[in-house]
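Novice: quick one: sequence plus predicted model below, questions after.
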Amino acid sequence: MTIIRYDGSFEGFLCATAPTIDGAEPAGFLRGEGGDGGLFDEVVAMASDRDVALAFYERIVREVSRDAFATARHAFHSEAGGVELLLLRYLSLGFRVGRRLEGMRADPLVQPVQQLARRVEREVHRFLGFVRFREVEWSGSDSLFYAPIEPETDVLPFLAPHFADRLADRPWVIHDLRRGQALFCEGGRVKLLRGVELAGVPSSTKDEDVCAALWQGYFKRLAIEARRNPGLQRQLVPLRYRKHLTEFGS
Amino acid sequence: MSYARGILHPMNDLPLDQRLEILADSAKYDVSCSSSGSDRNEVPGGLGSAAPSGICHTWTADGRCISLFKILLTNACIYDCAYCINRRSNDIRRAALTPDEVVRLTADFYRRNYIEGLFLSTGVVRSPDHTMEQLIAVARRLREEERFNGYIHLKVVPGADPQLVEAVGRYADRVSINIELPSRQSLYLLAPDKPRDAVIKPMRQLSGLIESAREERRKSRRAPQFAPAGQSTQLIVGATPESDREIITLSEGLYQRLGMKRVYYSAFIPVASDNRLPALAGPPLLREHRLYQADWLLRFYGFSAHELLDECRPNLDQRFDPKTCWAMRHLHLFPVEVNRADYEVLLRVPGIGVRSAQRIVQARRHTRLGEAELKRLGVVLKRARWFLTAGGRSLAGKTLDEAQLAAVLLTPNRQKARAAQLELFPALADSSAMTGEL
């Protein structure tokens, strides 16, 4: 039984899948350095190569559809266990049926992938709202706007275009504390950095404290007392997200 | 700010944070919360964009969404509308923000991603025209000096001059003027300063301008925008004796004849004592919820007002959502075959929402749908199975009459909703907490 080892990135996954998809299905995938196959498994390492990944992307868009690629990409970032095999089968089916793939919503190979993709899409949309920047002291010329987040799925790559468009005039960072990754945007261009750690706690500027306090006071006053419904509020803003939301801070 | 000094109590020299809180207190009863309907791309050198679907940034302790910085320029007002917290005879603290303060706060909050944009309203000061000019001035500064490209929702003052009404749409994504009460008599009784025509005339004018701007933009992308996210309005529910039928019929008229984008329903909350207003134990939240459900049926499910309510049935059922009620009154039309029924028919099945109906129509092109597939597609089989067949076989297994069906559908969830108005929003997979979309 073959087990494929790849670097854990989506690009790496595309490279790992491209040569195998038309042949026999592997037993499983391994991310990164850790883990071993079973006694009878042969572990094959697949290197990540931009051109191979790009070529495979083009093949998917051409032979299946752009939507299918987007679904696969979103589903991958759910980091669900065994997602690689699910995607392999999904894409395999896609090469057989072509453009119809996304329409086959009830199919047992398609539906779980679409469900995972939706999970990621929902969390991306949630974070478009939940990302909170604060102005911190920095060595650069402008002040820096820094936003820590702790998402369940890997939403960072999907947040980049939205915030790059919207906040192009000052440098900002969105830091995924859970995965040690960050988006860094300067002059309208965004980079995704891995292996990121905070060297110290970023200190807010004076303006920042004033602004945050204004927002907190405003937020509290906006609730209509006669309609108080903390249960509903918990449903809409689960407690696990509140850590980095300015309005729920002190 | 000199316009306000004449009217405001000296207390207006309060620091910004206190004025902000006073005005937040006064602004919160205008319930519109949308930031959707406008697709603005970033402008080089400018600040921001607007996302077409709208983005909710957070939710307050009453469960309502914040997507815009909702604030009043001032809560001073020369009018004395009975239902309004800012009525001139109400003894509350009055304050104002300078245009500069509004612009600064909007930009600062926007940069931190607290909001999608600004929702600016105000009490009426000196005259409707004067007040309107103040609002327009803030919006113009945001757009032209600050180069702000995010979302702006501006209120229109009843009775404002048509030229000013036209100016509003140039800077705002959405505009609104509140009808507040469902009938001419009620408005006359509670808000004599705002005759119905002073409200309807600008509404009609805006409707015409929005429509013609859309037409022009269809022909040329360079034609100017005019309130691209359309017009909305608000109705207070429970302050006056009109039935749900009158309310929903009015909404239907607003949607069909004026192209209104949204009607908001706000459960009446007593904010000042007045013998023209009912002394309710609490705000009628369940009634408001049912009205939103009925509203959704008008806009997305192809229902007409008279199908939901008529003279014999002037108010929506408390126990069931309006779609289920309609289905139970029309059991002779069911069951329908899920693999063949038209989209419009599927929409009428309790437990099938818009998204499920769309998925069913797509999926059945490729495969025959049975119970397992329907579950995977997100259909709420608990309700839907009484109204569907799949491949000719009933999903329910037996037929029930209206009374039996009512007993079965009256689940523990809904009984709790009657008793305590806390769990109004069951967490169904496809259901929207804000709207109870079915």
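Specialist: Received the coordinates, thanks. Residues are numbered from 1 along each chain as shown, chains lettered A, B, ... in the order given.
Novice: mind listing the helices for chain A?
Specialist: For chain A, applying DSSP state H gives helices covering A:10-17, A:50-63, A:66-76, A:83-97, A:111-130, A:156-166, A:206-221, A:230-236.
Novice: got the phi/psi numbers for residue B:285?
Specialist: phi -70, psi -40 (degrees, to the nearest 10).
Novice: separation between the residue nearest to residue B:177 when sequence neighbours are not counted and residue B:206?
Specialist: In this structure, residue B:177 finds its nearest non-sequential neighbour in residue B:156, 4.2 Å apart by C-beta to C-beta, 6 or more residues apart in numbering or on different chains. No exception for glycine: its C-beta is placed from N, CA and C like everyone else's. From residue B:156 across to residue B:206, the span is 7 Å (C-beta to C-beta, to the nearest Å).
Novice: then residue A:189?
Specialist: 41 Å.
Novice: settle it for me: which of those two has more neighbours?
Specialist: Neighbours per residue, other C-beta atoms under 10 Å in any protein chain shown: of residue A:189 and residue B:206, the larger number sits with residue B:206, 26 against 9.
Novice: surely the more buried one meets residue B:232?
Specialist: No: in this structure residue B:206 lies outside contact range of residue B:232 using C-beta atoms under 8 Å: 10.4 Å.
Novice: which ones are touching the residue nearest to residue B:177?
Specialist: Neighbour list for residue B:156: B:132, B:165, B:168, B:175, B:176, B:177, B:202, B:206 [criterion: C-beta atoms under 8 Å, 6 or more residues apart in numbering or on different chains].
Novice: which one of those residues sits closest to chain A?
Specialist: The shortest approach to chain A among these belongs to residue B:176, at 18.0 Å (C-beta to the nearest C-beta).
Novice: skip the chain neighbours and tell me the closest residue to the closest one.
Specialist: Excluding the flanking residues, the one nearest residue B:176 by C-beta to C-beta, 6+ apart is residue B:232, at 4.5 Å.
Novice: closest one to residue A:149 among the helices of chain A?
Specialist: Closest to residue A:149 of the helices of chain A, according to C-beta to C-beta: helix A:111-130, at 6.2 Å.
Novice: buried sites along that closest one?
Specialist: Buried residues in helix A:111-130, counted by 16 or more other C-beta atoms under 10 Å in any protein chain shown: A:111-114, A:116-117, A:119-121, A:123-130.
Novice: how about stretch B:128-140?
Specialist: B:128, B:131, B:132, B:133, B:134, B:135, B:136, B:138, B:139.
Novice: dump the residues you listed into CSV; add distance to chain A and secondary structure as well.
Specialist: Shown next, in CSV, are these (distance: C-beta to the nearest C-beta, whole Å; DSSP: H, G, I helix; E, B strand; the rest coil):
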residue, distance to chain A, secondary structure
B:128, 26, helix
B:131, 23, helix
B:132, 25, helix
B:133, 26, helix
B:134, 21, helix
B:135, 19, helix
B:136, 24, helix
B:138, 17, helix
B:139, 19, helix
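Novice: the residue nearest the centre of chain A: what's it in contact with?
Specialist: Centroid check for chain A by C-alpha atoms, centre = their mean gives residue A:155 as the closest residue, at 2.1 Å. Contacts for residue A:155 (C-beta under 8 Å, 6+ apart) come out as A:77, A:120, A:123, A:124, A:127, A:149, A:176.
Novice: residue ranges for the strands of the stretch 251-400 of chain B, please.
Specialist: B:262-267, B:336-337, B:388-390, B:393-394 (DSSP state E, counting those that start in this stretch).
Novice: which among the ones you listed is found nearest to residue B:241?
Specialist: strand B:262-267 (15.3 Å).
Novice: helices or strands up against the closest one?
Specialist: strand B:231-237, helix B:244-258, helix B:285-300 (3 or more C-beta pairs under 8 Å, 6 or more residues apart in numbering or on different chains; DSSP states H and E).
Novice: which of those sits closest to residue B:24?
Specialist: strand B:231-237 (17.8 Å).
Novice: how about the contacts made by residue B:316?
Specialist: Per C-beta under 8 Å, 6+ apart, neighbours of residue B:316: B:244, B:287, B:290, B:291, B:293, B:294, B:308, B:309, B:322, B:325.
Novice: got the domain boundaries for the chain?
Specialist: Looking at chain A here, since you left the chain open. A:2-123, A:131-248 (automatic domain parsing).
Novice: think we crossed wires, I meant chain B
Specialist: Chain B resolves into domains spanning B:2-226, B:322-419 when parsed by automatic domain parsing.
Novice: need the ones you listed in CSV (columns: mean pLDDT and distance to residue B:251).
Specialist: Shown next, in CSV, are these (pLDDT from 0 to 100; distance: least, C-beta to C-beta, whole Å):
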stretch, mean pLDDT, distance to residue B:251
domain B:2-226, 90, 9
domain B:322-419, 87, 13
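Novice: what's the burial count for residue A:213?
Specialist: 14.
Novice: and for the one 10 residues further on?
Specialist: For residue A:223, the count of nearby residues is 21 (other C-beta under 10 Å).
Novice: same thing with residue B:280?
Specialist: Neighbour tally, residue B:280, other C-beta under 10 Å: 14.
Novice: quick one: it and residue B:237 touch, right?
Specialist: No: here residue B:280 lies out of contact with residue B:237, judged by C-beta under 8 Å, at a distance of 10.7 Å.
Novice: what do those two both touch?
Specialist: Counting by C-beta under 8 Å, 6+ apart, the shared contacts of residue B:280 and residue B:237 are residue B:268.
Novice: that older thread, columns mean pLDDT and distance to residue B:149 on top of the domains of chain A, output as a markdown table?
Specialist: Converted to a markdown table, these look like this (pLDDT from 0 to 100; distance: least, C-beta to C-beta, whole Å):
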| stretch | mean pLDDT | distance to residue B:149 |
| --- | --- | --- |
| domain A:2-123 | 91 | 25 |
| domain A:131-248 | 92 | 9 |
